[in-house]
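J.: Build the 3D model from these lines:
(one chain, ligands or ions: 2)
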Amino acid sequence: MGSELNSTDPMRLKIAVQKNGRLTDSSLDLLSRCGLKYSRGKDQLMCYGENMPLDVLFVRDDDIPDLVQEDVCDLGLVGLNVVQEKRLAFAARAIAPLFETVQLLDFGRCKLCIAVPDGFDYRGAQSLQGKRIATTYPHIVGRFLADHGIAAEVVVLSGSVEIAPRLGRADLICDLVSTGSTLAANHLRHAETVLDSQAVLIRTPVPIAPEKQEWTRRLLMRIDGVEQVKGSKYIMLHAPRSALPAIAKLLPGSEAPTVIPLEGRGDRVAVHAVCRENVFWETLEELKGVGATSVLVLPVEKMLA
Ligand code: ATP
Ligand code: ZN
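T.: Ligands and ions are numbered 1, 2, ... in the order given. Below you'll find the model as predicted:
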């Protein structure tokens, strides 16, 4: 089937992904891990899933909730910061949001922070009273101020927020931070976190065609599986049956392990378990300490609950 045909196929799911930015690689990596094969040409607006009825639309991250809102896309991968800002912006205009957050994802972590110039004596939210705050997130900042009963001026900028205090456009800023080095370079320091953010999957709450609904369900299950196996390990070992309670306590984040008797080995059993966290050398040493032998730790590639 040619790609032009696919592009108009109403039975194909569409997911919006950031075109070129911090979320792009991790978003595409997630879709690949879910089994999606696609071909992406340079500067393409869209790419077509070759083995699933799922197409990827590449856009600016700020447009992703709107595309779901307007039913152009069924799903989107975007930062919680953008989702929250949009939600509040719509609420201010009495528009019901038509996108819902279905899952938190393990990438795109950052904080939306209040940052003040060196020498600013920050003593909590009340220090913001009467000040000018530069931000690209006016609704989130507005909500924060309202929650704390503070009257301050929000200076809305579209970018380069961190230089606003030096230009005299604001007294302080509220911006996204992940390492803090940009703040330091601009003689600013972290004062307060307004929002902890990470990438999320959003979807339309509007009913969609049953075929699309079924693929959404499958994709969500795969995304859940991918998220679950990140950092998970499969551990196998031999041990005396009497050591099972001690072993169960040592295995990080594991549910009931599988216990298999070992032929002709008396009391010894094989224990297999999925650990939801990384297994460190210290844990292996402790396992040995309670009688485990032949300990193997393997990465988990896929998981389906
Ligand atoms: P676009 O052209 O798509 O509008 P942008 O400049 O708004 O790009 P990026 O800087 O690529 O966007 O950030 C996209 C998202 O990545 C942010 O909205 C946020 O959710 C997340 N993110 C993670 N770490 C950071 C960080 N240190 N600074 C900014 N955003 C970050
Ligand atoms: Zn953006």
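J.: low-confidence ranges in this structure?
T.: Confidence mapping of the chain against pLDDT under 70 gives the ranges 1-8, 41-43.
J.: which helices and strands does the strand or helix carrying residue 32 pack with?
T.: Using DSSP states H and E, residue 32 sits in helix 24-33. Here helix 24-33 touches strand 13-18, strand 54-59, helix 210-229, going by 3 or more Cβ pairs under 8 Å, 6 or more residues apart in numbering; DSSP states H and E. Where C-beta positions appear, they are placed from N, C-alpha and C, glycine not excepted.
J.: Need the winner for burial among those.
T.: strand 13-18 (a mean of 24; mean count of other Cβ atoms under 10 Å).
J.: in the protein, which spans are helices?
T.: 3-7, 24-33, 64-69, 80-92, 138-147, 181-185, 210-229, 244-250, 281-289 (DSSP state H).
J.: looking at these, which is closest to residue 13?
T.: Set against residue 13 and scored by Cβ to Cβ, those come closest in helix 210-229, at 5.3 Å.
J.: Just the angle for that closest one relative to helix 24-33, thanks.
T.: Using axes from the mean of the first three to the mean of the last three Cα atoms, to 10 degrees, the direction of helix 210-229 lies 110 degrees away from that of helix 24-33.
J.: For helix 210-229, C-alpha coordinates in PDB please.
T.: The C-alpha coordinates for helix 210-229 follow below in PDB (Å, rounded to 0.1, in the frame of the first residue of the first chain):
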ATOM      1  CA  PRO A 210     -13.100  -0.200  17.200                       C
ATOM      2  CA  GLU A 211     -10.000  -1.200  15.000                       C
ATOM      3  CA  LYS A 212      -8.100   1.900  16.200                       C
ATOM      4  CA  GLN A 213      -9.300   1.200  19.800                       C
ATOM      5  CA  GLU A 214      -7.900  -2.300  19.600                       C
ATOM      6  CA  TRP A 215      -4.500  -1.000  18.400                       C
ATOM      7  CA  THR A 216      -4.500   1.600  21.100                       C
ATOM      8  CA  ARG A 217      -5.100  -1.100  23.700                       C
ATOM      9  CA  ARG A 218      -2.200  -3.200  22.200                       C
ATOM     10  CA  LEU A 219       0.100  -0.200  22.000                       C
ATOM     11  CA  LEU A 220      -0.600   0.800  25.600                       C
ATOM     12  CA  MET A 221       0.000  -2.700  26.800                       C
ATOM     13  CA  ARG A 222       3.400  -2.700  24.900                       C
ATOM     14  CA  ILE A 223       4.400   0.700  26.300                       C
ATOM     15  CA  ASP A 224       3.500  -0.500  29.800                       C
ATOM     16  CA  GLY A 225       5.700  -3.600  29.100                       C
ATOM     17  CA  VAL A 226       8.600  -1.500  27.900                       C
ATOM     18  CA  GLU A 227       8.400   0.800  30.900                       C
ATOM     19  CA  GLN A 228       8.300  -2.200  33.300                       C
ATOM     20  CA  VAL A 229      11.300  -3.900  32.000                       C
END
